[in-house]
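J.: What would the 3D arrangement of this be:
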Amino acid sequence: RVAPTGTNLLTVEYRDVDPEVALNVVQAVVAIFVEAATGTNRRQMENARDFIAGQITSYEQQLREAERRRADFQSSYNDLLAIGGNVSRLEAVRSRLQELRGEEEDATNRRELLRRQLAEVSTVRPRAGSVDPGVAEAQRALRQLRLRYTEEHPDVIAARNRLAAARSAPVGVAVNGVAPPSSTQEQLTVRLVEADAQLASLERQVRDAEIELDRLSEMAREAPGVQAEFIALDRDYNVMRRNYEEFL
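T.: Presented below is the predicted three-dimensional model:
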């Protein structure tokens, strides 16, 4: 007699005048049930293992393909992408250009102020045969720049202009027939040389940043929605990777 006693539970009963025979029959029936269940479980386990192995192989291929698409896209549009909380290069260049323009404007104002101060200072030329300190400083600065750049370099051109301005600076009134050099003029000339050099450097940086911004802006116009497309690729990649790791 075999009767169910609960979920997945059976009672096996056999009566015989010989207790040993009864026990052997029950044990034999139980053994048959156990072997049948074990075989079924074994087949189910093997099927499950084969299924999981197949899924892992499939997801590995899909994951590699998703990684390749994601990497290719990022390589093509890296300058336009904001990844990991960082701003894109396009935004960084735009922000830097704004800063440079502000610095350029400040440098221009400083230079113009120095020019006005230098023009207002009444100086006296040194006596004949001596060298004006302002001219000497401008000549020294020009010599140093010529060691590094060609005659067509903006810094060299600016230095030549400063030297010409120093040579044509106004002459003041002599005292007792002697024309002493002006310390104020000398200081202002040195500061003007530095201001011109700083302004020339900022102007170059502004031009370079404008060229780079134009390039990136054109790229953004030709490929709208780059950030959204990358987010979608990244989301698909992460979903696939999570599924792969769960199967693994």
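J.: Can you work out which other helices and strands pack against the helix or strand hosting Glu245?
T.: Element membership of Glu245 [criterion: DSSP states H and E] is helix 226-247. For helix 226-247, the elements it packs on are helix 19-76, judged by 3 or more CB pairs under 8 Å, 6 or more residues apart in numbering; DSSP states H and E. Placement of C-beta: from N, CA and C, glycine included.
J.: hey, which helix or strand in this structure has the poorest pLDDT?
T.: helix 133-148 (a mean of 80; mean pLDDT, DSSP states H and E).
J.: buried residues in the helix holding Glu245?
T.: Val226, Phe230, Leu233, Asp234, Tyr237, Met240, Asn243, Tyr244 (16 or more other CB atoms under 10 Å).
J.: just stretch 68-87 next, same as before
T.: Those would be Arg70, Phe73, Tyr77, Asp79, Leu80, Leu81, Ala82, for stretch 68-87 by 16+ other CB under 10 Å.
J.: Tell me what angle the next helix-or-strand element following the least confident helix or strand of the chain forms with helix 133-148.
T.: Remark: after helix 133-148, the chain's next helix or strand is helix 154-167, criterion DSSP H and E. Put simply, helix 154-167 runs at 160 degrees to helix 133-148, going by axes from the mean of the first three to the mean of the last three CA atoms, to 10 degrees.
J.: From the contact counts, what lies against helix 154-167?
T.: Using 3+ CB pairs under 8 Å, 6+ apart, helix 154-167 sits against helix 133-148, helix 183-222.
J.: Can I get the helix holding Glu245 in PDB, CA atoms only?
T.: Extracted C-alpha coordinates of helix 226-247, given in PDB (Å, rounded to 0.1, in the frame of the first residue of the first chain):
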ATOM      1  CA  VAL A 226      25.700  62.100 -28.800                       C
ATOM      2  CA  GLN A 227      25.300  62.100 -25.000                       C
ATOM      3  CA  ALA A 228      21.900  60.500 -25.100                       C
ATOM      4  CA  GLU A 229      23.100  57.800 -27.400                       C
ATOM      5  CA  PHE A 230      26.100  57.000 -25.200                       C
ATOM      6  CA  ILE A 231      23.800  56.800 -22.200                       C
ATOM      7  CA  ALA A 232      21.600  54.300 -24.000                       C
ATOM      8  CA  LEU A 233      24.700  52.200 -25.000                       C
ATOM      9  CA  ASP A 234      26.000  52.300 -21.500                       C
ATOM     10  CA  ARG A 235      22.700  51.300 -20.000                       C
ATOM     11  CA  ASP A 236      22.400  48.300 -22.400                       C
ATOM     12  CA  TYR A 237      26.000  47.300 -21.600                       C
ATOM     13  CA  ASN A 238      25.400  47.400 -17.900                       C
ATOM     14  CA  VAL A 239      22.100  45.400 -18.100                       C
ATOM     15  CA  MET A 240      23.900  42.700 -20.200                       C
ATOM     16  CA  ARG A 241      26.800  42.600 -17.800                       C
ATOM     17  CA  ARG A 242      24.500  42.200 -14.800                       C
ATOM     18  CA  ASN A 243      22.600  39.300 -16.500                       C
ATOM     19  CA  TYR A 244      25.900  37.700 -17.400                       C
ATOM     20  CA  GLU A 245      27.200  37.900 -13.900                       C
ATOM     21  CA  GLU A 246      23.900  36.500 -12.500                       C
ATOM     22  CA  PHE A 247      24.200  33.400 -14.800                       C
END
